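**Q** need coordinates for the below:
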Amino acid sequence: MKSQRLEAALGHGFGRPGLLRQALTHRSFGSPNNERLEFLGDSILNCAVAAYLYQNFADLKEGELSRLRASLVRQETLAEIAQRLSLGDLLQLGEGELKSGGARRPSILADALEAIFGAIYVDAGFDAARTVIERLYGPAIAGIDPNASRKDPKTALQEVLQGRHLPLPRYGLLATHGEAHAQQFEIECVIAELGIRSTGTGGSRRIAEQQAAQRALAEIRP
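**A** Numbering: from 1, shown residues only. As a prediction, this is how the structure comes out:
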């Protein structure tokens, strides 16, 4: 039942269910495991995201496209999506990894999600994998503003504070809302030295942090 809920959240039903089981099997559990699928999925993810950015942001230069792609495919973003999908509950881990909290480890979650992309590709081809990737990355992609500063708000805020010789902001989780597969995160950005407390919400912690940072920037800048 859990795997069926995952397939529903992915928007892809596996014709070869064994591929999904393999994608969720960590090397600590045994073989076959998800390492080869993760290798494949990493390349598919990069290609799918690059193609989307190329097609939808015609005015951006190569370096700007590369920066956006890197922010979307990094481990943190993958792990956040994996958490929304509750992948940790489905992973097959060895006893040692289970005891050490491997089901919550960002690197393991990120690798498993990439392995799922690889499994979808093997199961149904690139178009199917790209459709799933764009579905899962919808909130992050929707938050991209090609007319905004080329630096993301968190980076811009950090540079402003460093220029004033102030400590970096602190980000904290205030609340989560919604079902596990469609959670909304509420994040607070605190700059105590300036008396600023701003909040942001989004489908991932990263998106919520960026929104909170943007609002903090608006308070600092005239």
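
**Q** which ones are touching the residue positioned nearest the centre of the chain?
**A** A centroid search over the chain (Cα atoms, centre = their mean) returns Thr77, at 2.1 Å, as the residue closest to the centre. Contact analysis of Thr77 by Cβ atoms under 8 Å, 6 or more residues apart in numbering lists Ser71, Ala140, Ser204, Arg206. Using the backbone N, CA and C atoms, a C-beta is placed for each residue, glycine as well.

**Q** what do you get if the cut-off is 7 Å, keeping everything else the same?
**A** Ala140, Ser204, Arg206 (Cβ atoms under 7 Å, 6 or more residues apart in numbering).

**Q** so which helix or strand takes in it?
**A** helix 75-84 (DSSP states H and E).

**Q** buried sites along the next helix or strand after that helix?
**A** Next helix or strand after helix 75-84 toward the C-terminus (DSSP H and E): helix 95-99. Residues of helix 95-99 classed as buried: Glu97 (neighbour count, 16 or more other Cβ atoms under 10 Å).

**Q** what does helix 95-99 contact?
**A** His26, Ser28.

**Q** show me the protein divided up by domain.
**A** 2-142, 153-220 (automatic domain parsing).

**Q** now the longest one, how far from the centre of its chain.
**A** Pointing back at domain 2-142 there. 9 Å (Cα atoms, centre = their mean, to the nearest Å).

**Q** now stretch 166-177 - C-alpha only, CSV.
**A** This file holds the C-alpha atoms of stretch 166-177, laid out as CSV (Å, rounded to 0.1, in the frame of the first residue of the first chain):
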residue,chain,number,x,y,z
LEU,A,166,26.9,41.8,10.9
PRO,A,167,26.3,38.1,11.8
LEU,A,168,24.5,35.9,9.4
PRO,A,169,20.7,35.5,9.7
ARG,A,170,19.3,32.5,11.6
TYR,A,171,16.6,30.4,10.0
GLY,A,172,14.1,28.3,12.0
LEU,A,173,11.1,26.1,11.3
LEU,A,174,8.0,27.6,12.8
ALA,A,175,5.4,25.1,11.5
THR,A,176,4.5,22.6,8.9
HIS,A,177,1.0,22.4,7.3
